[in-house]
Structures are given as structure tokens and as C-alpha cells.
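Q: what follows is a predicted protein model with its sequence.
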Protein chains: 2
Amino acid sequence: METTTVSQISQHSGQEITLQGWCYNFRSSGKIFFLQFRDGSGRVQVVFSKADLSDEQWEALQSLRIESSVKVTGLVKADTRAPSGFELEGKGIEVVQVAPEDYPIGKKEHGPDFLLDNRHLWLRSEKQWAILRVRDTIIRATYDYFHENSFIKFDSPILTPSACEGTTELFAMDYFDLGQAYLTQSGQLYLEAGIMSLGKCFDFGPVFRAEKSKTRRHLTEFWMMDAEAAYATHEDNLKTQEELVVRIVSEVLKQNQSELKILERDVSVLEKIQAPFVRMTHAEAIAKLRELGSDIGDLDDLGGDDETILTKQYDRPIFIEKYPAAVKAFYMKRDPADPTRVLNNDLLAPEGYGEIIGGSQREDDYDELLKRINEHHLDPKDFDWYLDLRRYGSVPHSGFGYGLERLVAWICGLEHVRETIPFPRLINRKSP
Amino acid sequence: METTTVSQISQHSGQEITLQGWCYNFRSSGKIFFLQFRDGSGRVQVVFSKADLSDEQWEALQSLRIESSVKVTGLVKADTRAPSGFELEGKGIEVVQVAPEDYPIGKKEHGPDFLLDNRHLWLRSEKQWAILRVRDTIIRATYDYFHENSFIKFDSPILTPSACEGTTELFAMDYFDLGQAYLTQSGQLYLEAGIMSLGKCFDFGPVFRAEKSKTRRHLTEFWMMDAEAAYATHEDNLKTQEELVVRIVSEVLKQNQSELKILERDVSVLEKIQAPFVRMTHAEAIAKLRELGSDIGDLDDLGGDDETILTKQYDRPIFIEKYPAAVKAFYMKRDPADPTRVLNNDLLAPEGYGEIIGGSQREDDYDELLKRINEHHLDPKDFDWYLDLRRYGSVPHSGFGYGLERLVAWICGLEHVRETIPFPRLINRKSP
């Protein structure tokens, strides 16, 4: 009799196995006890008959509460009605621990505050379990894609020296005798130093926004993936983004069918995420939005509502490129064909999920970059080291970043990003 | 003529290729120009003859400085004297950018402050390049190992609500209307919530110590990998650690022979990192240290010097297990065979590199854990959610963590951890 996991159960058909986990739910019907068992790798029903158990074991079953920890022994039987394709004919039960009171998260509806206060327990709910597993697949697919494409992981620093773009959205702290340090909002500028050594780099770590926004798309702490490549043009940059997103979605479809089912995600929508993505310039997007009734101006950035309207027109992600320079960051390279525009792109997810990627070719000319820094009323002293990258061996280069939580929300089909990260931090929440 | 990379050069023997990168070094000898070319993936020598180039191209070569960016075209020729096994017979050169002045990092010796001030450029030095590539291999091997063993990536929060163990080593910041938040020192407690949902988890992210230590082993910001598994015993925990470390070292030996050569690392030392590791109890370690002349007490923790002495006795890593409970953290489970000791382990790297892993089985009994919290003068209110993990469906569980920078330092054979991370943060340094 072997100790194994639910995920391995198909390899043990007809055998007696032991599983270690938790009682997800149960019901009793006379001399039959139905235990919904979970062990982190999956879920399976164990059917116990009083006749097969000792009196002590049968009593132990009656003592169970939701989320009690148990070891079960049983015979693996194929069952086409079961989601896993199998169920267990229970042969033994060992109770590891039973709480003195009922589990706080029950079948009734709970409000979001209650669930977030109990996030350490809420994580065990099937939907939360499914989301975290999809998140893991997205992370792995990202590492795998970059590994296969010779990008080196380069951990940009979290503590940064200066409040380059104003302090209103930065978390600040005392740093020994050196004044204040600030939590990073993006590793991009540091990655640009990395690629001058390593050619192609990515980072993947937490970033922070002390922003007083309380929307379903905002967290104060979230995970960001930034990638950057030397000698990569705007066109190369779009290609990498498209490949990465296609890879991530196809990996989730391959690994997480049962999780997507739990999330009631329409899989056919994800199956349409194939190259080539829709592609339009900012000017074309504005024209399209006006056609659809918007009064957006020629040089306006796209708002959340605009993104929603636009993405509902297509079943593939949309690249919107070449935004007006005036609404975009100082480091973006101007489009040689129209210097009022930059060689950038956003990538919008379908179904109204909005921006999941932002990228651009970077300004690689020292004088131009210095001019932009001054135009944006930034202090060139703060960018001394960054300007050095254009002073010594500057090369054309491009990069992009995705916000992990928005990607998870889109792929899982979630309303709110707060469920996409193990312990969300919001403006009104820093615990547990 | 194909644009490719140095790492792919062996696939183009006898062909003409174009490479895009930087001029690492050069020398000229009459009508021959030797260019040490690098592109992030590797380095190769390009030999130009004046006779093969136009006058403009020959002039362009003369204008180069160290770290100028260039595209070179040449014929790939096998050369057994070259580290890569190849060199290029130069056929063309395109200068992308040349600085108006010499590159600041030259052949002369620079002090550490100068190099750290210019970290954004120092990264391009061959040794730093090699270290970052080994770091990348260690990260990838870790992800691969955990993926193959069904651990789910679980991102513990960076912003934490309370200064559980005193504020002296914590970075603190204002968090909206909720008082102060603190930067995490470890994700472990949160991972323990994760495994109750997912079975096995790991996190891998930045952690922080506002510690006024200025030693070659200390950074204020560093990357920590924590792994945790439900139903895993102390013995299971040691096995996972051993497998992971063996896997990491063997992956570096497989992927990074040329990097290790640049680092002048004695590879034979790394080849000895095989299972089984040396294993001794804390009591045995104390006895051994006394034999070696130390006056360490029975219940003392091991200091850095003790670790150095001990690891020089063996050519494999050493597990030291079952420390006195008095010197260890409140959450470690007592050894049933001797309740004055805990079921923990440190793992010491050979050659005096000291502790690279700390792990333990965790206390899973509610009453015992509450008692320890009180004994350690911690506030049980801060641990309410953590105690819930023992209240509802508690299971035996174990975990461990490694500090990435110490692992990189050991594997690369470095004196100081400051070279193991792209942008080190020290008590006297928060920039660039």
C-alpha cells in the first residue's frame, strides 16, 4: 500500500493507496459516508461503507468537520462520473486533527472583507486553489519561454535611491544615514544596464504603488515581469510579446483544464489567443473609438473605458502602437516617421480586461535622452548612471513588462485582482 | 549572411556571420587588428586585415574605444587556442556608437567604492558577467527542481503588518491610514498557509534586513528561496534540501564551465558535491569543534568562525541538526526524543562559506505553538492567523530556505556577497 497524491491516482487504478490531506466536504447517508478529499494536488471522493470499517474508524468519520486533516486508505476505482475519473472505495481512515469548532468559511456567502481577513484560510477554497495554480503555470511558462530564448534572469533592486517622478505614489522609508529609500515601481531602467552586459534579460519581482486608487484593477504590491533586449527594435519587441502571451495561454490550456473548469472559464475564448494579434496605431484606435461613439481627442491616452470598448470588438489581444509622445514616458524612442509619436505599444487583453503589457523601443541617443529628461522636468542628476548607458556603447534596444495579477485575472476570467495574489495589499489592507 | 550570437557560433563554422555587440578590448599590430568582441552570450576574437577592409572601415576600427558598440561580419574559423574554440576572420565592421571619452573602467585596479559607484558599467566586466550567468543557472535549476517535484510558486507578501520580532532590523514605512508596514524578512509563515491549500509551495523573492552589519556576508536586500511541504517530516526535509543542492551544483557544472573558468573556480571542489552530505547533530558538532580547539558551550549557537572551522574538515556540505531549542525560532518543532532540542537543520557549504540553508519541521500543535509564542515574548495577537493554521486541519509540515547570494558566492568562489547581485544594497549604499 503506497502513499501517493490525488494527481497520481490514475497510475494506481485497481490498487489500494493512502492519501494525506484534508476533508473538503462530506455527507452521510445511513451506512455510507461520502468524503470529499483534497490534498493540494487535486480532489477525489472517498466512499466509506460502515461494513468495511472498524467501529472506531466509523466513529472517527462522524467526528470530522470541514477542513479536518486526515489520511485515507482506499481502493482506486475508475468512475466516469467523477471529475478526476476516479473515486476511492474507503478502506481506512486516520484523523490527523479536528478543530474544536466549525471551520469559519462555510457554504453561506461571505463578504469580501470577511474573506480577506481570513485569506490564510480562504486560500483553501477550490476557486482560490485553482487561481493559484494557474498563476503558477503562468510564472513557469514565462521562465521557460525566456530560458529557451536566452534571456538571463536579472534581479533589479527593490530599494531605489530617489523619487525620480515625484513621491506621491512611492513608499518611502529611512535608510540608515543615507536619507530616504523608495520601493521600486519598475525594474526597467536597471534591466537596461543588465542587457549591456548580458544581451537579453528579464526580471520578475514585486513592485509597489502607493496610489490611492481603490479599483478592482489596483493593488499596492504586485508582481511585474520586465524583459529587455539589446539590438532589439520595436518590431522585434512586438514579436517577443506575442510569442510570450501565446505561450502562456497555451500552457495554461495544457496544464490547467480542471482549474479552468472550476473557475467556469470559457475555454473557447482562450483557445482563440493565437498569433497574429490585432495591431493598430494609436491614431487608428482613436478613429475606431470615435466610430463607436467616443469623443476621445487625437492626443489623448486611452482610458480604461476606451480599452474596454475596443477589446470587445476582437477576440484576440490588440497591440496599440505609436502613442503621442506627450502622454508617454521620457525614455521612449521617437518614431523617425513622426517625431510627435513614440515607438511604443500597449497590449490589450480581450473581453474588456484592458492593458496587460506596456513596451517600447528606448531612446538610445544621449543628447535626445537628456533633452527628454529636461522636458519632463526630471533631475538629470538622478539619471546620471542611466545616461551613462548611452554614453558608453549605446545600442538600439527595446523591452516590455507585464503585470502578473492582471494577466492572471484575464486568463482566469476574474472580476477583481485581489484574488490573483496570495496575500493582497490594498490601500485599506496590509494583513494578514 | 546571418545575424547570430557568439553562443551559436559553432553552428556556423566555415560560414560568414554578423554579430552585434561591444568591443571588449582590442590591439593593433601593423596591418592586423585584433578585436575582442562580446555580445552578452559570449566572447570571440575577430581578426581584421587591412587588406580585407575598405579604408573607411579600417579607419572606423582605429576610432574604437573599449565598450564601443559594433556590428562585425566575419568568417567563422575553428581555432583550438581560442576559449570558444573559434575565431572570426573579419570581413566588415559597423560602428554603432563610440563615446567621446575613454571607458571609466580600465585595466588598472579600481577600489570597491569606485566599482560599486559604477555598478551599471562594472556589470559588463567579464567576471561580473560570469557571476550573473551562474546566478541565473541557480535560479533556473531551482525552478526546474521544484516544478518536477510538484511545488507551486506562492508569492508571499513583501509588505507585512507588524514588527513581530522587534523593529531594530526592519525597514518601516507609512502605510496610508493603517500605521506602519514593514518589509518582509522571510516568507515562511505565509508559505505555511499556502501548503494547507496547495500541498507543496515555494517562494523566491527579495527579503530585507535593516541590520547594521557591515561584513562580507551581509546585504540589506537579498533574494531568498523558501520551500514548504505539508505532511513532510524532518527527514523528508533534509532529503529535499540535499537533492536541490546537488541539482543546482550539477546544473552549474553542466551549463557554466566557461563562466567557472573565468572565475578561476576549482571545479573539482564542486564535482564533489554529491549525496549523501555529511550529517551530524548539534551536540556532535560541538564535540568536534572542541576536539579542534574551540571553547564553544553545549548550548551555544554556531558562530561564523565555528562554521568555517567545521566546513574545512569535509569536502561535502554538512547538515547540522537538532540545535538547542533556546537558540532557535519559536516555530520549530521539539524533538520528541529530547524536548530541549528542535527538529531543525542548518546546511553548511564547504570551504568556509558557512550556512547556506536553514530549515526545520514546524510546530503543528496549537497549544505548544501558543506556549512558544509566549515564551519568546511575542504577542499572540500578531500570530492569530498563523495559529489558525494549527486550529483548522493542522498537519505535520517542514520547510527550509536558502539565501541566493550566499549560494552564488559559494558556487562562484567569491569573497564578498556584494558581487553576487546586480545592484547590491549595503548599509552605506542605496545606489545606483
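A: Right, received. Where do you want to start?

Q: for the stretch 251-400 of chain A, give me the ranges with low pLDDT.
A: Nowhere does the stretch 251-400 of chain A drop to pLDDT under 70.

Q: name the element the closest residue to chain B within it belongs to?
A: Chain B sits closest to residue A:385 of the stretch 251-400 of chain A, with a gap of 3.8 Å, by Cβ to the nearest Cβ. Quick note: C-beta positions are derived from backbone N, CA and C, even for glycine. Assigned by DSSP states H and E, residue A:385 belongs to helix A:384-391.

Q: residue A:214: neighbouring residues, count only.
A: 9 (other Cβ atoms under 10 Å in any protein chain shown).

Q: before we move on, what SS does it have?
A: With DSSP: H, G, I helix; E, B strand; the rest coil as the basis, residue A:214 sits in coil.

Q: just the helices in chain A please.
A: A:55-63, A:112-117, A:119-122, A:126-148, A:188-198, A:234-255, A:257-262, A:267-271, A:282-291, A:304-311, A:366-375, A:384-391, A:404-412 (DSSP state H).

Q: let's have these in JSON lines, adding mean neighbour count.
A: Formatted as JSON lines, the helices of chain A follow (neighbours: other Cβ atoms under 10 Å in any protein chain shown):
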{"stretch": "helix A:55-63", "mean neighbour count": "13"}
{"stretch": "helix A:112-117", "mean neighbour count": "14"}
{"stretch": "helix A:119-122", "mean neighbour count": "22"}
{"stretch": "helix A:126-148", "mean neighbour count": "21"}
{"stretch": "helix A:188-198", "mean neighbour count": "26"}
{"stretch": "helix A:234-255", "mean neighbour count": "19"}
{"stretch": "helix A:257-262", "mean neighbour count": "17"}
{"stretch": "helix A:267-271", "mean neighbour count": "13"}
{"stretch": "helix A:282-291", "mean neighbour count": "17"}
{"stretch": "helix A:304-311", "mean neighbour count": "18"}
{"stretch": "helix A:366-375", "mean neighbour count": "16"}
{"stretch": "helix A:384-391", "mean neighbour count": "18"}
{"stretch": "helix A:404-412", "mean neighbour count": "25"}
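
Q: before we move on, the earlier item: list the contacts of the helix holding residue A:385.
A: A:189, A:192-193, A:196, A:363-366, A:369-370, A:373, A:380, B:99-100, B:118, B:120-121, B:431-432 (Cβ atoms under 8 Å, 6 or more residues apart in numbering or on different chains).

Q: what angle separates that helix from helix A:188-198?
A: On the basis of axes from the mean of the first three to the mean of the last three Cα atoms, to 10 degrees, helix A:384-391 is oriented at 40 degrees to helix A:188-198.

Q: report the angle between helix A:384-391 and helix A:366-375.
A: 150 degrees.

Q: and helix A:384-391, how far out from the chain middle?
A: Distance of helix A:384-391 from its chain centroid, counting by Cα atoms, centre = their mean, to the nearest Å, is 32 Å.

Q: same question, stretch A:309-318
A: Counting by Cα atoms, centre = their mean, stretch A:309-318 comes out at 20 Å from the chain centroid.

Q: residue contacts, the nearest residue to residue A:102 once chain neighbours are set aside?
A: Once flanking residues are discounted, residue A:102 sits nearest to residue A:65: 5.8 Å by Cβ to Cβ, 6 or more residues apart in numbering or on different chains. By Cβ under 8 Å, 6+ apart, the contact set of residue A:65 is A:23, A:98, A:99, A:101, A:102, A:103.

Q: in contact with the second one, which residues?
A: Contacts here follow Cβ under 8 Å, 6+ apart; on that basis residue A:98 touches A:63, A:64, A:65, A:68.

Q: just name the closest of the residues you listed to chain B, please.
A: Distances from chain B to those, taken by Cβ to the nearest Cβ, are shortest for residue A:68, at 5.7 Å.

Q: okay, that closest one and residue A:189: tell me how far apart.
A: 51 Å (Cβ to Cβ, to the nearest Å).

Q: what residues sit buried inside stretch A:211-229?
A: Under the neighbour-count criterion of 16 or more other Cβ atoms under 10 Å in any protein chain shown, stretch A:211-229 has A:218, A:219, A:220, A:221, A:222, A:223, A:224, A:225, A:226, A:227, A:228, A:229 buried.

Q: from the residues you listed, which land in strands?
A: Among these, DSSP state E puts A:221, A:222, A:223, A:224, A:225, A:226, A:227, A:228, A:229 in strands.

Q: can I get those in CSV with pLDDT and distance to residue A:354?
A: Output for these, formatted as CSV (pLDDT from 0 to 100; distance: Cβ to Cβ, whole Å):
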residue, pLDDT, distance to residue A:354
A:221, 97, 20
A:222, 97, 15
A:223, 98, 18
A:224, 97, 16
A:225, 98, 17
A:226, 98, 19
A:227, 98, 20
A:228, 98, 23
A:229, 98, 25
